[in-house]
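Trainee: Please find the sequence and the predicted model below.
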Amino acid sequence: MEPESLTPEEIVSRLDRHIVGQDKAKRSVAVALRNRWRRRQLPYELASEIYPKNILLIGPTGVGKTEIARRLAQLARAPFLKVEASKYSEVGYHGRDVESMVRDLTEMAISMVRREKSVEVKEKATTAAHHRILEALYGEMGLAEDEDLPMDPLMDPSSGEVQFVSDGGLWRPVIVAPGGENAGEIDPGISAGEISSRQEEREQRRQEVASQFEAGKLDDQIIFVELRDTKNPTLSIQGPQGTDTMGIDTAALQELWGRGGGPKFKTRKLTVREAEKSLLEEEAHALIDEDEVIVEALDRVQNDGILFIDEIDKVIGGSGANGPDVSREGVQRDLLTVVEGCTVFTKYGDVDSSHILFLAAGAFHFHNPSELIPELQGRFPVRVALRDLTEEDFLRILVEPANSLTQQYKALLSTENVKLRFTDEGLAEIASVAFKANKLTQNIGARRLMTTMERLLEQISYDAPEMGGQEVVVDKSFVETRLGDAGDDPDLIKYMI
C-alpha cells in the first residue's frame, strides 16, 4: 500500500514499530497526515480553502516528540525539515531569517525528487555508464575501434588508407603506408580474409573483456575516464541571509561576465569500481529533466511539506526587557507570517507556505504555551501533551522498537564475532537504573538509556576484538557489577548531568 493512502490506524501501527507509548500524539499526527491525502482528492477550488491543522507537541525532552515527526515524514514520503526556533531572530538581530526554513525545505524537496528520478532512469544510466567503462577498458588494452588494426576497406573506401589494385583481373584492397618518406606507397597486400580474421579476433577479445567486467573481475583495473568537472570556480555573492533573499542569479552573472561557458570536463584516473559510481551519477543527471524536477518539488513543498519547529518555547521572552529576549517576540511574529501563509522567494521559484504542515514542539519547563503571542497560538489548533516515560516504558524501549538499542549493540558486536545476549532480569535492571538516574539527576527521557547502555558495555566493546567466538550474557548481576546504582559515571554525578 502506498504510504500516502495509509489510514490513521495503519499510520499509528507503523509508528508503533519505532515509538513506545504516546498514543495521543500518534493519533493526532495520523489524522493530520490522512487529512493531507483527503485534501488531495478534492477539487482544486475546495482544496485551496482547506488549511492544515498545525500541531503543538508539549512534553519534556526525550519522550519522542522529534521521533514522531521524523517517522511521520518517512511514512508520508514528504519533504521534511527539522529546525530549532532558537536559531532564528527578528530582522536586525543576529540569526537567520525565518523564511529561510522554507528555502531549506525546498532544497530538501529538490534533492528528494532528484533521487527518485535517478531511480527511474537507473537502468538507462547503468547501460550508458557501462558502455563508457568498456570503451575505456578497450582503449587501455588496445582494443578500441580507432586502434591501428586493419579494418575492412569496403567499410570506408574513401579513408585514404586503403587503395584497390588490379590483381589478375580482380580488385584487391591494399593498405597505404603511413605518412613519411614512403607516404603514398603501397604496403605489401593484406588479403580481405586476413583483415576479417583480425577483426574477428579483436571482437572476440572485446567480448571476453566485457564478460570479465560483468563478472566483476576487473573492478580494480585502472582506467582513464572523462568526467564533468564539478569544481569549476564559481562566483559567490553572499548577503546576510544568503543569495536567495537578495534576488541574485549568480549563474547568470557568471555567464554574462565570461566565467560560465557551460560544463567543463577533466580526465581522471580511477579504478573500474570508482568509475562506475561516478559515471552512473553523471549519466543519471544527464537523463533527468531538471525543469520537471523543480515543478514536482515545488508542488510537494507547497502541498505535502512538513516543517518541524523544535524548541519553540525558547522564543518566549523573559520577564525583563533587556538582553537577548528583546527580539523573541519579533521572532514569533515572523514565524506567524510563515505559518499563516506567505509567498517565499527561492532560487527555484516562489513558494506559498499556506498549506505546509507545521509541527511545533517544546518542553515548556520555564514557560507555558499560553505565553506565546495569541496569534501564533491560534495557528496551532491541535495541542498534544506527551507524558513522562515510566520504568515500564524504558523496558519496552529496550526491546520493542525495530531499531532498539539492544538490537543495535548485538549487531555491532557480531561484527567482532561476539554474541551478546540479554536476559529478562538484565533488561529490567537496565531500565531500573536508567529510570532512577533520570530521577536523581537531570531527566533526559529515553536518551538516558543510551548513556546507560554505553557505560554498561564499554569494556566489552573495548575488548571485543580479542573476544572472537565468545558469548556475553547481560543478566542482573552483570548490570549490578558494571553500573551499581548509577546509570552515569560516579565522577560525573556531582555535576548533575
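Mentor: Ah, there it is.
Trainee: D463 is in what secondary structure piece?
Mentor: Using DSSP states H and E, D463 sits in helix 447-463.
Trainee: Which strands or helices does that helix pack on?
Mentor: helix 391-399, helix 405-414, helix 424-440, strand 471-474, helix 476-483 (3 or more Cβ pairs under 8 Å, 6 or more residues apart in numbering; DSSP states H and E). For the C-beta atoms, the positions are set from N, CA and C on the backbone; glycine is no exception.
Trainee: so it versus helix 424-440, what angle?
Mentor: 120 degrees (axes from the mean of the first three to the mean of the last three Cα atoms, to 10 degrees).
Trainee: Show the average pLDDT along helix 447-463.
Mentor: Regarding helix 447-463, the rounded mean pLDDT is 90.
Trainee: What of stretch 386-405?
Mentor: For stretch 386-405, the per-residue pLDDT averages 88.
Trainee: Break down the stretch 201-350 of the chain into its helices, ranges please.
Mentor: 250-256, 272-287, 290-304, 328-340 (DSSP state H, counting those that start in this stretch).
Trainee: List the contacts of the nearest residue to G349 once chain neighbours are set aside.
Mentor: Leaving out its chain neighbours, the residue that sits closest to G349 by Cβ to Cβ, 6 or more residues apart in numbering is L298, at 5.8 Å. With contact taken as Cβ atoms under 8 Å, 6 or more residues apart in numbering, L298 is in contact with T106, A109, Y348, G349, V351.
Trainee: Could you rerun that using 10 Å?
Mentor: Residues counted as contacts of L298 (Cβ atoms under 10 Å, 6 or more residues apart in numbering) are T106, A109, I110, V113, G305, T346, Y348, G349, D350, V351, D352.
Trainee: Who wins on neighbours among those residues?
Mentor: Neighbour counts for the contacts of L298 peak at G305, which has 29 neighbours (criterion: other Cβ atoms under 10 Å).
Trainee: Was I right to think that residue contacts E107?
Mentor: No - contact criterion Cβ atoms under 10 Å: G305 and E107 do not qualify, at 11.6 Å.
Trainee: between the two, what contacts are shared?
Mentor: P79, L81, A297.
Trainee: and which of those is nearest Y409?
Mentor: Nearest to Y409 among the shared contacts of G305 and E107: L81, at 30.6 Å, using Cβ to Cβ.
Trainee: Mind listing the residues bridging to the closest one?
Mentor: L307 (DSSP bridges).
Trainee: So what's the residue count around it?
Mentor: L81, neighbours per other Cβ under 10 Å, totals 21.
Trainee: distance of it from E67?
Mentor: 16 Å (Cβ to Cβ, to the nearest Å).
Trainee: V102 touches S354, doesn't it?
Mentor: No - V102 is beyond contact range of S354, at 11.2 Å (criterion: Cβ under 10 Å).
Trainee: Report the contact partners of L372.
Mentor: 56, 312-313, 315-316, 329, 332, 335-336, 360, 362, 364, 378-380.
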